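Q: below are the sequence and a predicted model; questions follow.
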Amino acid sequence: MAAPLLELEGVSKAFGGLQVIDKLDLAVGEREIVSVIGPNGAGKTTVFNLITGVYRVDRGEIRLGGDNLVGLSPHRITRRGVARTFQTLRLFLNMSVKENVMAAAYGHTRAGVVRSILRTPGQRREEREIERLAEERLAFFGDRLMGYRWNQPAYSLSYANRRRLEIARATATSPRILLLDEPAAGMNPS
């Protein structure tokens, strides 16, 4: 059997005297879909925050493809291939739909401040690649986020389309694993 893509081993987290996560073991294989379920306050979002480095692990190990993630910053964990959405939406509401997705991809570019100011050929090429990537990620959701909507500000979208936009933005980092924190929260069955 292949090694798991994501592995949590003996992970624990307490806030003050409240033990929220206690010796959690979890293994997620490549191309596997896993749900973490439980009532409100059970620690589901805390698990995501531990995996993504928002919270520090008190005990245990978190590995992605065998590499230890414990102690890394959220930025470095994202660069290693972990992307997530949030329970409460975190979009750039005044930016366009396409710009929201492009913003996620900028963290993976090589163009620094000077190249961006000078608009070098390499920087312009990266910009076109990011724009193409954003359009591809938005196209996954069909007409809901396509065409004229690309240039609309994110605040003009319905709640369901904002959720879709957040998922498109997370996938723009080309993650090895995608963590969706209550992706259907606040949505009706249709």
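A: Okay, I see it.
Q: now do the buried residues in the lowest-mean-pLDDT helix or strand in the chain.
A: Ranked by mean pLDDT, DSSP states H and E, the weakest helix or strand in the chain is helix 113-118, scoring a mean of 76. The neighbour-count check on helix 113-118 (16 or more other Cβ atoms under 10 Å) flags residue 115 as buried. C-beta: built from backbone N, CA, C; applies to glycine.
Q: hang on, residue 53 in a strand?
A: No: using DSSP: H, G, I helix; E, B strand; the rest coil, the secondary structure at residue 53 is coil, not a strand.
Q: phi, psi of it?
A: phi 80, psi 10 (degrees, to the nearest 10).
Q: repeat for residue 52
A: Torsion angles, degrees, to the nearest 10, at residue 52: phi -90, psi 0.
Q: and it, how far is that from residue 125?
A: Residue 52 sits 30 Å away from residue 125 when distances are taken as Cβ to Cβ, to the nearest Å.
Q: now do residue 57
A: Per Cβ to Cβ, residue 57 is found 40 Å from residue 125.
Q: more neighbours: which of those two?
A: The neighbour count for residue 57 versus residue 125, taken as other Cβ atoms under 10 Å, is higher for residue 57 (20 against 11).
Q: can you list the domains in the chain?
A: 6-80, 97-173 (automatic domain parsing).
Q: least reliable of those domains by average pLDDT, please.
A: Mean pLDDT across those is lowest at domain 97-173; the value there is a mean of 89.
Q: ok, which stretches of this structure are strands?
A: Assigned by DSSP state E, the chain shows strands spanning 6-15, 18-28, 59-64, 67-68, 82-84, 177-179.
Q: right, and those strands - which one's nearest residue 91?
A: When those are compared by Cβ to Cβ, strand 82-84 sits nearest residue 91, at 13.8 Å.
Q: show me what the mean pLDDT comes to for that closest one.
A: 95.
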